[in-house]
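Novice: all I have is the shape, not the residue letters:
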C-alpha cells in the first residue's frame, strides 16, 4: 500500500449552524459543497466546506449542534487547523479578518509567517504561507479573489501526552516522515507534494485532557486511494494494536475509524466517489442531500432542521 498522501478532511463541532455557515462560506470564502445530515443523528446538519468541487485536502466539515456547550482545549485532540495561503496574501487576510471583527495575532510556523485566530465557536485556526504546489479548483463565485483564496489545508496540530506512543503508528504504519522540531512541536510530512501534507505534533505530558464540545475537532481523516488500499490500512492498523471500525459508507467516501494511542480519533477515507455523485458542480451544497436509507423520512428530517440562508456572491475576477 502507498504511504498516506495527506489530510483528506477534518470534521469539527459547531454551535449555531447559520453562524458557522456564514463564517466559513462568507468570511473564509470556502464553498458549501454539501448540505446533508449527521448520519448518526439526522436531526443535525452536516456541512462540508471546500474548494469548488470538494477536492480532498480542502474539506472542512461540521456538525452544528445548537445547544452544545463550548469545548475545552487539552490533550487528545486536534488543537489547531491551518490553511495554506500565498505568501503575498498575508496583508489581504489580515485586513479581511479585521473587517469581520475577528481578532488576529501574527506568528511564525517553522519560519513561515502565519495568522492565528479563532472561528465563532473558539476553534483555533491558522493561515500559514506556503510556496508548495496546490492542486485545488478555485471557486470563482465565492467572495475571495483567486490570488488570495485559501489553498486547502496546510497542516493540523495534534496535542498529545506521548509522542513515543504515536510515532510508531504515524511513521511505521501510515508512512509519515519526521521532518524537524521547533520547541515542543515536531513536524511530520505525508508522502505527496500537494495539499494537507503536514502534521504538527505537540507533546505536553502534564496538560489536561481536552473537553469535547463546540469548537472541538471531532476527527481528522487521511487520504487513501481506493477501497482495496483502505482494507490494507485497516489490517495494518489492527495489526498495530488499534481497535478499528468496519468500513462505513459516508456517501461521498468510504471510511474506517480508530483512535491513536493518545486518544485522537483518526479516519482513513477514500478519495472516491466524491461530492459530484449526487448533484452537479453548478449547484453543489444548495439542496439538502440525504443518504438512501433516510429518503423515506425526508419530510420529517427537513422539518426538524433549522432554517439556513446560503449567501451568494458576484463572480471574482481574481485580481482584487
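Specialist: Yep, that arrived. All values reported here derive from a predicted model rather than from experimental measurement. Numbers count the residues shown, from 1 in each chain.
Novice: residue ranges with poor pLDDT in the stretch 201-320 of the chain?
Specialist: Low-confidence segments of the stretch 201-320 of the chain (pLDDT under 70): 316-320.
Novice: which parts of it are strands?
Specialist: 217-224, 248-249, 253-259, 265-273 (DSSP state E, counting those that start in this stretch).
Novice: in JSON lines: those strands, plus mean neighbour count and distance to residue 84.
Specialist: Placement of C-beta: from N, CA and C, glycine included. Formatted as JSON lines, those follow (neighbours: other CB atoms under 10 Å; distance: least, CB to CB, whole Å):
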{"stretch": "strand 217-224", "mean neighbour count": "23", "distance to residue 84": "16"}
{"stretch": "strand 248-249", "mean neighbour count": "12", "distance to residue 84": "29"}
{"stretch": "strand 253-259", "mean neighbour count": "20", "distance to residue 84": "22"}
{"stretch": "strand 265-273", "mean neighbour count": "19", "distance to residue 84": "19"}
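Novice: please, where are all the helices along the stretch 1-150 of the chain?
Specialist: Secondary structure of the stretch 1-150 of the chain, counting by DSSP state H, counting those that start in this stretch: helices at 17-21, 90-99.
Novice: average model confidence for the last one?
Specialist: Read it as helix 90-99. For helix 90-99, mean pLDDT rounds to 98.
Novice: flag every buried residue along that helix.
Specialist: When burial is assessed from 16 or more other CB atoms under 10 Å, helix 90-99 yields the following buried residues: 90, 92-93, 96-97.
Novice: the first one now?
Specialist: Neighbour-count burial for helix 17-21, with 16+ other CB under 10 Å as criterion, is recorded at 17, 20-21.
Novice: so which of those is the closest to residue 183?
Specialist: residue 20 (31.9 Å; CB to CB).
Novice: the closest one - nearest residue in space that isn't next to it in sequence?
Specialist: Of all residues not flanking residue 20 in the chain, residue 14 sits nearest, at 3.8 Å (CB to CB, 6 or more residues apart in numbering).
Novice: hmm, that neighbour is touching residue 64, no?
Specialist: Yes. Counting by CB atoms under 8 Å, residue 14 touches residue 64, with 4.1 Å between them.
Novice: quick check: neighbours shared by these two?
Specialist: Common neighbours of residue 14 and residue 64, counting by CB atoms under 8 Å, 6 or more residues apart in numbering, are residue 20.
Novice: any residues touching stretch 294-303, and which ones?
Specialist: Contacts for stretch 294-303 (CB under 8 Å, 6+ apart): 37, 42-43, 288, 290.
Novice: what's the first-to-last distance across that stretch?
Specialist: Terminal residues of stretch 294-303 lie 14 Å apart, using CA to CA, to the nearest Å.
Novice: one more: stretch 83-101?
Specialist: End to end - CA to CA - stretch 83-101 spans 19 Å.
Novice: now swap in stretch 158-170 and tell me
Specialist: 12 Å.
Novice: which residues touch that stretch?
Specialist: Counting by CB under 8 Å, 6+ apart, 73-79, 176, 178, 186, 188, 199-205, 207, 210, 220, 237, 240, 242, 260-264 sit against stretch 158-170.
Novice: with stretch 276-290 instead?
Specialist: 31-37, 42, 48, 52-54, 251-252, 275, 297-298, 301-302, 305, 310.
Novice: reformat the helices of the stretch 1-150 of the chain as JSON lines; add distance to residue 135.
Specialist: Shown next, in JSON lines, are these (distance: least, CB to CB, whole Å):
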{"stretch": "helix 17-21", "distance to residue 135": "26"}
{"stretch": "helix 90-99", "distance to residue 135": "21"}
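Novice: about what we covered before: now list the buried members of the contacts of stretch 158-170.
Specialist: 73-79, 176, 186, 188, 199-203, 207, 210, 220, 237, 240, 242, 260-262, 264.
Novice: for the residue nearest to residue 20, give its distance to residue 113.
Specialist: 28 Å (CB to CB, to the nearest Å).
Novice: check residue 19 too.
Specialist: Residue 19 sits at a distance of 28 Å from residue 113 (criterion: CB to CB).
Novice: coming back round to it: so for residue 14 and residue 113, which residue has more residues nearby?
Specialist: Higher neighbour count among residue 14 and residue 113: residue 14, with 25 against 14, using other CB atoms under 10 Å.
Novice: so residue 156 touches residue 201, yeah?
Specialist: No. The pair residue 156 / residue 201 is not scored as a contact, 9.8 Å apart, by CB under 8 Å.
Novice: excluding its backbone neighbours, what's nearest residue 32?
Specialist: residue 285 (3.8 Å).
Novice: next, count neighbours for the one you found.
Specialist: Residue 285: 22 neighbours (other CB under 10 Å).
Novice: now the contacts of stretch 294-303 as CSV including neighbour count and distance to residue 279?
Specialist: Shown next, in CSV, are those (neighbours: other CB atoms under 10 Å; distance: CB to CB, whole Å):
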residue, neighbour count, distance to residue 279
37, 21, 15
42, 20, 19
43, 13, 22
288, 15, 11
290, 19, 12
